[in-house]
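In: Okay, sequence plus prediction incoming.
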Amino acid sequence: MHGDLARAVERYARAWIDVERMQEQALPVLEHQKVALQKYGVALDRAQPGAQRDLLSAIEHQPTIYKAMREKPGSARTKQLMAGIEHEARVRQTPELKAERVVKLWSGLEEQYEKLQGLAHAEARNQVNDWELGL
């Protein structure tokens, strides 16, 4: 079973990278790339239920997993991605880990809010500055 999961992870990773490259270049994802990603996602979940969801979550929440997906070759990538899948499964099942994730996400949202709050008033500040300068 572990070998099946490793093969599924590697195939999914290759398909994911193909799609990611197209998106980075602002090119349309080709139909065969969409089909491959879907096919290997199904195979990944067949090898371990929920593995695709956990891998995508690992890519989103764990910078080292995203970096491994993008930069590591072959078995080194597969090993690290499988560790990411295992970690995300623990996050889903362990209240303390889930709470840490929620706090981290909330903190990130608060930081974004603060940044946006300042930007939202930039135009109004510029208008006031222009008015004060008599422009």
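Out: Everything's here; your move.
In: same question for the helix or strand where residue 102 lies, mean pLDDT?
Out: Per DSSP states H and E: residue 102 is located in helix 95-120. For helix 95-120, mean pLDDT is 78.
In: Ok, stretch 4-11 next?
Out: 95.
In: Residues in contact with it: which ones?
Out: For stretch 4-11, the external contacting residues (CB atoms under 8 Å, 6 or more residues apart in numbering) are 40, 43-44, 46-48, 51, 55, 74-75, 77-78, 81-82, 85. (C-beta placed from N, C-alpha, C; glycine too.)
In: Any quick ChimeraX command for the buried ones out of those?
Out: One line in ChimeraX is enough to select the buried ones among the contacts of stretch 4-11; burial here means 16 or more other CB atoms under 10 Å:
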select :40,43,44,47,48,51,55,77,78,81,82,85
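In: What is the nearest of the contacts of stretch 4-11 to residue 91?
Out: For these, the closest approach to residue 91 (CB to CB) belongs to residue 85, at 10.8 Å.
In: Just the pLDDT at the spatially most central residue of the chain, thanks.
Out: In the chain, the residue lying closest to the centroid (CA atoms, centre = their mean) is residue 60, at 2.4 Å. Here the pLDDT value assigned to residue 60 is 93.
In: Look up the closest residue to it, ignoring the ones flanking it.
Out: residue 66 (7.7 Å; CB to CB, 6 or more residues apart in numbering).
In: residue ranges for the helices of the chain, please.
Out: 2-24, 31-47, 51-61, 63-71, 74-93, 95-120, 122-133 (DSSP state H).
In: tell me the contacts of residue 97?
Out: Residues near residue 97 by CB under 8 Å, 6+ apart: 90-91.
In: what about it, distance to residue 91?
Out: 4 Å (CB to CB, to the nearest Å).
In: what does residue 5 give?
Out: 18 Å.
In: same deal with residue 6?
Out: Relative to residue 91, residue 6 is positioned 21 Å away (CB to CB).
In: Pick out whichever of the two has more residues nearby.
Out: Set residue 6 next to residue 91 and count neighbours by other CB atoms under 10 Å: residue 91 wins out with 20 against 16.
In: The more buried one reaches residue 101, doesn't it?
Out: Yes. Residue 91 is in contact with residue 101 according to CB atoms under 8 Å; the separation is 5.7 Å.
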